[in-house]
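> Provided below for reference: sequence and predicted model.
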Amino acid sequence: MDSLALEIDRVCKSYEGFSLKDVSFSLPRGYIMGLIGPNGAGKTTLIKLILNMVHREGGSIRVLGLDNLDHDARIKSRIGFVPDEPRYHEDITLENLKAATAPFYPGWDETRFRALVAEFELTLSKKFKTLSHGTKTRFSLALALSHGAELIILDEPTSGLDPVFRRKLLDVLSGVLQDERISVLFSTHITSDLERTADFVTFLQDGQVMFSRPKDEVVGSWGVVKGGRELLDEESRAFFEGVRVRALGFEALTSKIEPARQMFGDRVVIDQASLDDIMVLMGRRE
Amino acid sequence: MRILISNASPDPIYEQIVQQIRAQILSGDLSEGDPLPSIRKLAKDLLISVITTKRAYEELEREGFINTVGGKGSFVAAQNPEFLREKRMKAVEEKLADAVDQAQLLGVGPDQLIEMLRLLCAEGE
């Protein structure tokens, strides 16, 4: 069995005013990867490329060891996908939507589906159009987790969910990962969800991968330096990967925590950077 | 076994796990042969990443506190009694060194310190 769930190599795609440039990263089997980045960074485009829903202009994508263009159907039956805006025929009940979906998957597990329906508090007799955004996501998630998928891809799944269900989602995903063949790719801008459970974090900005690393390394290796504006000059800026200037001082992202500590001493405070700090400050020049 | 993770702690999560399991082995709450939850089970229970729990177990293994048997899971390792005693002695020594530092700050000399220790030992008996 191939040890990588996902292998993305120098992938390119351009639209007017936007392009993904040489995107490369990989996700080993059995782990959760968070894909983070501001709106418009290219997260959804990248996911569509992985699923072969849009045409790719360069590079290669292997899913579960298979080229995603050559083995489109085979791959799709082994992926569980939750889109950011689940769309199904509006006038059909959930029961019938399920009946229409299940035959596409050789591995459909009705018992599992029923258990998820109960856990996610879904009512199958309801019509799709009557559901709230959050409930649509839950239904879509129940479908995605019921056919023995080996790769679960979720595009902004938590954006319409309340904190209680967001926690439940993390629980469910950790449960899925008890089987070490299964992997999860999860795009989000709510980084607190990832800060707990993600094994790897890939940060996309302006169509480029800024980093793709184990989360524990990311969280430990960046600091936020806060100090008075008088400290900002060309020399000090060389320490920073991003700076935000405010009325009462500046905030800067640094990967050189120790050198920065030595250089500025007591004149600054240095905190460990959260994923949010990294997302907000990276590349910012003020 | 009990593990409580603090998000406010300056120690990384893997380190918190190592410290707590180590403490429970040293105190005897966990004894030789006791099974530990699998890496993935522990990650799920604590809602943290698999890589984090893996790193914690690797550290405990390196320190000789646990053994991992392929396909069976991880278990509390047999503790060499002498080694264990040495480790505990070291902890005592560290605490005493700390007390000496504190005493020096207050200008308390060795004689007075020894007297205090004698009294404390007598109380404990």
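All right, it came through fine.
> got the residues of the stretch 151-286 of chain A near chain B?
Within the stretch 151-286 of chain A, the positions lying close to chain B (C-beta under 8 Å from any C-beta of the partner chain) are A:167, A:170-171, A:174-175, A:177-178, A:180, A:196-200, A:214-216, A:220. Any C-beta I mention is one placed from the backbone N, CA and C, and that applies to glycine too.
> try 10 Å
Contacts of the stretch 151-286 of chain A with chain B, taken as C-beta under 10 Å from any C-beta of the partner chain, map to A:167, A:170-171, A:173-180, A:194-201, A:214-217, A:219-220, A:272.
> just these: which are in strands?
Counted as lying in strands by DSSP state E, out of these, are A:200-201, A:214, A:272.
> which residue packs closest to the residue of the stretch 1-150 of chain A found nearest chain B, ignoring adjacent ones?
Across the stretch 1-150 of chain A, no residue is closer to chain B than A:Y31, which sits at 6.1 Å (C-beta to the nearest C-beta). Nearest in space to A:Y31, with sequence neighbours left out and distances taken as C-beta to C-beta, 6 or more residues apart in numbering or on different chains, is A:D199 at 4.0 Å.
> for the one you found, what are its contacts?
Under the criterion of C-beta atoms under 10 Å, 6 or more residues apart in numbering or on different chains, the neighbours of A:D199 are A:27-28, A:30-34, A:177, A:183-184, A:214-216, B:43, B:48-52, B:54.
> now do A:L141, the pLDDT please.
For A:L141, the model assigns a pLDDT of 92.
> quick check: which ranges of chain A have low pLDDT?
Scanning chain A for pLDDT under 70 picks out A:1-2.
> among the residues of the stretch 151-286 of chain A next to chain B, name the buried ones.
Among these, those buried by neighbour count (16 or more other C-beta atoms under 10 Å in any protein chain shown) are A:170, A:173-174, A:176-177, A:194-201, A:214-216, A:219.
> mind checking how far B:D98 is from A:F165?
With distances taken as C-beta to C-beta, to the nearest Å, B:D98 is found 48 Å from A:F165.
> cool, and A:V268?
40 Å.
> with B:A97 instead?
For B:A97, the distance to A:F165 - C-beta to C-beta - is 51 Å.
> and for A:K43?
A:K43 is 21 Å from A:F165, by C-beta to C-beta.
> just the buried residues of the contacts of A:D199.
Among those, those scoring as buried are A:27, A:30-34, A:177, A:183-184, A:214-216, B:43, B:48-52, B:54 (criterion: 16+ other C-beta under 10 Å).
> tell me the bridge partners for A:D155.
Counting by DSSP bridges, A:D155 is bridged to A:S187.
> could you verify my assumption that it touches A:T44?
Yes - using C-beta atoms under 10 Å, A:D155 is in contact with A:T44, at 5.8 Å.
> quickly list what's touching both of these two.
With contacts defined as C-beta under 10 Å, 6+ apart, the residues shared by A:D155 and A:T44 are A:35, A:83-85, A:187.
> the helix or strand hosting A:T45: how far from the chain's middle?
Secondary structure from DSSP states H and E places A:T45 in helix A:43-50. Chain-centre distance of helix A:43-50: 11 Å, with C-alpha atoms, centre = their mean, to the nearest Å.
> with stretch B:87-101 instead?
Taking C-alpha atoms, centre = their mean, one finds the center of stretch B:87-101 at 14 Å from the center of the full chain.
> end to end on stretch A:176-184, go ahead and measure it.
Taking C-alpha to C-alpha, to the nearest Å, stretch A:176-184 runs 9 Å from one end to the other.
> okay, and which of the buried ones among the contacts of A:D199 map to helices?
In this view, these that belong to helices under DSSP state H are A:215-216, B:43, B:50-52, B:54.
> what's the closest of those residues to A:L94?
Set against A:L94, the nearest of these by C-beta to C-beta is B:A43 (31.6 Å).
> neighbours around the nearest residue to B:K54 once chain neighbours are set aside, how many?
Nearest non-adjacent residue to B:K54, counting by C-beta to C-beta, 6+ apart: B:I39, 5.1 Å away. Using other C-beta atoms under 10 Å in any protein chain shown, B:I39 has 21 neighbouring residues.
> which single residue of chain B ends up nearest chain A?
Using C-beta to the nearest C-beta, B:K44 is the residue of chain B that sits closest to chain A, at 3.9 Å.
> which residues does that residue contact?
B:K44 touches A:170-171, A:173-178, A:197, B:37-38, B:50, B:53, counting by C-beta under 10 Å, 6+ apart.
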